[in-house]
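In: 3D, please:
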Amino acid sequence: MRGADIPPFYAGEIGRQAASLQRQGRRIVAMHFGQPTLGPPPAVVAAAHRAIDTGPNGYVESLELRQRIARHYAETCGLTIPVSRILLTSGASAALVATFTTLFAVGDRIGLARPGYPAYRNSLVALGREPVEIDCGPSRAFRLDPQSLASVDGPLHGLVVASPSNPTGSMLSREQLGALAAACRARGTRLISDEIYHGIAYGSPAVTALECAPDAIVVNSFSKLYRMPGWRLGWLVAPEDCVARFSAHLINFFLTPPSAAQQAAIAAFDDPADLQAAVDGYACNRAMLLAELPAMGLAGIAPPDGAFYFYVDVGHLTQDSLAFCRELLDDTGVAIAPGIDFDPVHGNCFVRLSFAVSTQETVDALALLRPWLLRRRVTA
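Out: Below is the predicted model:
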């Protein structure tokens, strides 16, 4: 095999272990994957049924959906984004791959926060681009800033920013994002903003990079706020002079996103009360975990500003986060993700919990974690 060697997605390994236990009749509390356990809004499901019945069911690039996304930016941010700049993608993953191949040559260097989403790093390696990881640990409140950017020696052709971020839920304020965008302009670094968790925040709303850097590449998705992870649908906002090149890469690699998903997603914007109710549920779970986890000895927590994750320091309990997660799942049925997915340097001392589950599942998880962690502390 001559292709690039990249590590597995370890949360996927936990997922396979969880599925095996479920087949044996075990109950699993699934807090390992970054996906809501609540299904899509009812209007989306109804629209999907209509789309399957009436079509079209071929290769489609829905102008109506692109227009609705443009309207979404006008309604939520006061921005006028030409429909021509909005490209539909097979999830945010396809948008990121197309971004890396459209904008950067083999050997180009792209900055990433560490800890961060592992597919950034692994996709870049597989594509022959060089990920440049920038340590953004607890001392930096898990945030990229101009100072951390300045610490990188050598050329930096691109920078991927996620706000809210995965795995920590940290967010950049308008001023912080603006300062980072200015630092990128001064250095000649292309800014790529992953905004798939926009709409899920527990204070001030997230700021789109388009407000600070109109030429930024923005990636978004229907997987998180709109609760459609399996529908494989996202979008990309590109500068006008890049659109044709992006479109060529997307259609050659991925053709078009699923047609029924495109037609159904138009309805996803039309029930904000349903979307907010789900976010309110995450907020309830967040508050419960913030109150209970420190009492169980898990005090190393940065409260997430957005998204639906806790990134928890378990260094006093283990130096092998994957083994820790496997043992926890086997013993209790609670599935969480090991920190080595997100940080290959320090991640063995961290785990990530997703609280995009029901409130009852959160209560159940805490009841299962409490005695297990007590035993672990005694034997550590």
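In: Residue nearest the middle of this protein, spatially speaking?
Out: By Cα atoms, centre = their mean, the chain has its centre lying nearest to Asn166, at 5.2 Å.
In: how about the nearest residue to that residue once chain neighbours are set aside, phi and psi?
Out: Nearest residue to Asn166, sequence neighbours excluded (Cβ to Cβ, 6 or more residues apart in numbering): Tyr117, at 4.8 Å. Yep, even glycine has a C-beta here, placed from its N, CA and C like the rest. Main-chain dihedrals, Tyr117, degrees, to the nearest 10: phi -60, psi 120.
In: And for Thr37?
Out: phi -80, psi -20.
In: do Ser221 as well
Out: For Ser221, the backbone dihedrals (degrees, to the nearest 10) come out as phi -160, psi 160.
In: That one against Leu88, yeah?
Out: No: with contact defined as Cβ atoms under 8 Å, Ser221 does not count as touching Leu88 (11.0 Å).
In: Need the overlap of contacts for those two.
Out: Jointly contacting Ser221 and Leu88 under the rule Cβ atoms under 8 Å, 6 or more residues apart in numbering are Leu233, Gly234, Trp235.
In: ok so, going back, the residue nearest to the centre of the chain belongs to a strand, doesn't it?
Out: No: read with DSSP: H, G, I helix; E, B strand; the rest coil, Asn166 is coil and lies in no strand.
In: pLDDT value on it, please?
Out: On pLDDT, Asn166 comes in at 98.
In: Am I right that it is in contact with Ala11?
Out: No: judged on Cβ under 8 Å, Asn166 makes no contact with Ala11 at a distance of 10.8 Å.
In: what number of residues lie near Gly78?
Out: 8 (other Cβ atoms under 10 Å).
In: roughly how far apart are it and Ile134?
Out: Using Cβ to Cβ, to the nearest Å, Gly78 is found at 31 Å from Ile134.
In: Give me the contact list for stretch 320-331.
Out: 10, 13-14, 17-18, 21, 28, 32, 314, 317-318, 334-340, 347-351, 369, 372.
In: Are any of those residues buried, and if so which?
Out: 10, 13-14, 17-18, 21, 28, 32, 314, 317-318, 334-340, 347-351, 369 (16 or more other Cβ atoms under 10 Å).
In: where do the helices sit along the stretch 201-350 of the chain?
Out: 243-254, 259-265, 272-292, 321-332 (DSSP state H, counting those that start in this stretch).
In: Quick one: closest of those helices to Gln360.
Out: Smallest distance to Gln360 across the helices of the stretch 201-350 of the chain (Cβ to Cβ): 10.1 Å, for helix 272-292.
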